[in-house]
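Visitor: have a look at this prediction, sequence included:
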Amino acid sequence: MTPLGYIMLPVGVAGLCLSRKWLYRFFVFFTLFSASSAANFGEGDNGSALQIWMLFGFFWLLRLLLDHLSTLSFSIDKRIVRPCLWLIAFLFVASLSLVMPVYINGALAITSPTLGNNSETPLFLTSHNVTQLLYLVFGILIALSVAHSNLRDDTRHETERVILISALFVSLWGLFQFFCGLTGIPYPDYIFNNSGSASFKVFLETLNGIGRISSVSTEPSMFAQGLIALLPLTFPAWLKRGSVLSVPIDRLCSLLFLLSLILSTSSTAYLGLVILAILLLPLLVRTRAISMARALKTATLATVAAAVVIALSISSIPVVSDVVNFALLDKSNAGSALERAMSIGLAFGYFQQFPILGIGWGSATSHDLTVKLLSNVGIVGTFAFFGAMLWVLRANWRALGPLVSPISLSRTAWLLALTVFLFTSALVAFPLAFGNFWLVLGMAISTSWKSVPPQNAYASPGVP
């Protein structure tokens, strides 16, 4: 147990006994804290961690189960049954894919995806495969439960308030981390960056002697992915169509998020912002927030202004030039980029040999989303996963309308959040073990129901 774990465990037990609402709030708040551990297992490359969000998520699911047992009610609203069935189908294929390591039985050698390490390991079914599947089961249960718990405007708004407060804290903590690196003040990593895994020590990286911003996340790219996905929650305040906390605070949040993302020196942050800007305009036109002509004019002016500012900054401000070289240019020749490309190439080779079910869930490492799925669960599993994602995205898109109601504002925000999350996952891999992906997915499912004929409930034993 970590010191943070000793503090949070009694809180979780108290919530289990006294308040499901507060358990849920703690779970939502800590979904961005991917580097914060309640307990560590093992050391170094073999280390793993029980993250804080997992601790509260487990207690929340347990409380939901106990509540349903007390009423003998196990049902899921039929408005969201289709995306839930898609996710269950993906989980079934991932579980079925574990027959592949048994079938292969050492006939395939898995090459280490680490640069400079050419070791090969025969493929067998191991406890690692089972652990990775349990992560997936847990994540999907979380997504389904979040979706079912946020079908009403009041509960959905409560979730949005808590996660935006969390993102505000994470952003401020990231700026504090940057300040520590700038001034030489020791950064108190023992508070929130306490995971025992060696891969979670990226917060120690520096650029010209100044620490890069990862805040409470495992690395700057994960920090950036989390903040970018939540930026859409602040857009209604700028459009004067509503707010999550309040109009001034929401606007302040968006400015702090942008500042933190720029200072993170993460290529995911910069590319993610571009992706978000590209996705935003069609949604604004679709929701009639702006006209097509105004959207084109705005896009043109914004592109020209951004190009001018970036060019002037790179040419006249040395630190900006260093950031661009580090984040976007030097990485093309850096070991991390070569290692990323090597992992993708190796994983695609495994898929070519076993295209139907892949080589088994958790067997292959690939630093992207699509090839990771293809290599681990084959064409069948990849189809099920993207079928689920496309169903949710399409249902939300079809239900978009004028931004005049709480559900319309939430739908636009979470559609943007899930879309940009999937695009950035193509750069930083499938965030299986991180709670913010499952939260975003669950919220996007909860706003997709208008495109489904409303009915009462669908009996589904075992689903909270």
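Guide: In hand now; what should we look at? This is a predicted model, so every value here is computed, not measured. Numbers count the residues shown, from 1 in each chain.
Visitor: show me where the chain has strands.
Guide: Under the criterion DSSP state E, the chain contains strands at 37-41, 48-51, 75-77, 109-111, 120-122, 206-207, 210-211, 457-459.
Visitor: switch those strands over to TSV; also include distance to L245 and mean neighbour count.
Guide: C-betas here are computed from N, CA, C, even on glycine. Shown next, in TSV, are the strands of the chain (distance: least, C-beta to C-beta, whole Å; neighbours: other C-beta atoms under 10 Å):
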stretch	distance to L245	mean neighbour count
strand 37-41	28	20
strand 48-51	26	20
strand 75-77	28	17
strand 109-111	48	15
strand 120-122	50	12
strand 206-207	32	14
strand 210-211	29	18
strand 457-459	33	13
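Visitor: tabulate those (JSON lines), appending mean pLDDT and distance to F92.
Guide: Converted to JSON lines, the strands of the chain look like this (pLDDT from 0 to 100; distance: least, C-beta to C-beta, whole Å):
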{"stretch": "strand 37-41", "mean pLDDT": "86", "distance to F92": "28"}
{"stretch": "strand 48-51", "mean pLDDT": "84", "distance to F92": "25"}
{"stretch": "strand 75-77", "mean pLDDT": "73", "distance to F92": "17"}
{"stretch": "strand 109-111", "mean pLDDT": "88", "distance to F92": "24"}
{"stretch": "strand 120-122", "mean pLDDT": "89", "distance to F92": "27"}
{"stretch": "strand 206-207", "mean pLDDT": "55", "distance to F92": "45"}
{"stretch": "strand 210-211", "mean pLDDT": "60", "distance to F92": "44"}
{"stretch": "strand 457-459", "mean pLDDT": "37", "distance to F92": "17"}
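Visitor: of all these, which one comes closest to H68?
Guide: strand 75-77 (8.6 Å; C-beta to C-beta).
Visitor: which strands and helices sit next to the closest one?
Guide: Other elements packing on strand 75-77 under the criterion 3 or more C-beta pairs under 8 Å, 6 or more residues apart in numbering; DSSP states H and E are helix 127-149, strand 457-459.
Visitor: ok, that strand: who's next to it in the sheet?
Guide: strand 457-459 (antiparallel) (DSSP bridges).
Visitor: got any ranges where the stretch 1-150 of the chain has weak pLDDT?
Guide: 42-47, 72-74, 115-117 (pLDDT under 70).
Visitor: hmm, try it at 80
Guide: 41-48, 68, 70-77, 112-118 (pLDDT under 80).
Visitor: before we move on, what about the stretch 351-464 of the chain?
Guide: For the stretch 351-464 of the chain (pLDDT under 80), the answer is 427-431, 450-464.
Visitor: which residues of it fall in helices?
Guide: 370-399, 406-428, 435-446 (DSSP state H, counting those that start in this stretch).
Visitor: quick one: buried residues of the first one?
Guide: The neighbour-count check on helix 370-399 (16 or more other C-beta atoms under 10 Å) flags 370-378, 380-382, 384-386, 388-389, 391-393, 395-397, 399 as buried.
Visitor: next: the shortest one.
Guide: When neighbours are counted by 16+ other C-beta under 10 Å, the buried residues of helix 435-446 are found to be 435-446.
Visitor: and it, what does it pack against?
Guide: Counting by 3+ C-beta pairs under 8 Å, 6+ apart, helix 435-446 packs on helix 52-71, helix 127-149, helix 153-183, helix 220-230, helix 370-399, helix 406-428.
Visitor: recalculate using a threshold of 10 Å.
Guide: helix 20-29, helix 52-71, helix 81-96, helix 127-149, helix 153-183, helix 220-230, helix 370-399, helix 406-428 (3 or more C-beta pairs under 10 Å, 6 or more residues apart in numbering; DSSP states H and E).
Visitor: same deal with the longest one?
Guide: Secondary structure elements in contact with helix 370-399, counted by 3+ C-beta pairs under 10 Å, 6+ apart, are helix 81-96, helix 99-104, helix 127-149, helix 267-286, helix 335-353, helix 406-428, helix 435-446.
Visitor: do you know which of those helices lies nearest R241?
Guide: Of all the helices and strands packed on helix 370-399, helix 406-428 sits nearest to R241, with 6.4 Å by C-beta to C-beta.
Visitor: could you dump that closest one to CSV, C-alpha only?
Guide: The C-alpha trace of helix 406-428 is given here as CSV (Å, rounded to 0.1, in the frame of the first residue of the first chain):
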residue,chain,number,x,y,z
PRO,A,406,-28.8,20.4,-21.3
ILE,A,407,-28.9,17.1,-23.3
SER,A,408,-27.9,18.9,-26.5
LEU,A,409,-25.0,20.6,-24.8
SER,A,410,-23.8,17.4,-23.2
ARG,A,411,-24.2,15.4,-26.4
THR,A,412,-22.0,17.8,-28.4
ALA,A,413,-19.3,17.9,-25.7
TRP,A,414,-19.1,14.1,-25.2
LEU,A,415,-19.3,13.4,-28.9
LEU,A,416,-16.3,15.7,-29.4
ALA,A,417,-14.5,14.2,-26.4
LEU,A,418,-14.9,10.6,-27.6
THR,A,419,-13.9,11.4,-31.2
VAL,A,420,-10.8,13.3,-30.2
PHE,A,421,-9.9,10.5,-27.7
LEU,A,422,-10.1,7.9,-30.4
PHE,A,423,-8.0,10.0,-32.8
THR,A,424,-5.3,10.6,-30.2
SER,A,425,-5.4,7.0,-29.2
ALA,A,426,-4.0,6.3,-32.7
LEU,A,427,-0.9,8.1,-31.5
VAL,A,428,-0.6,6.8,-27.9
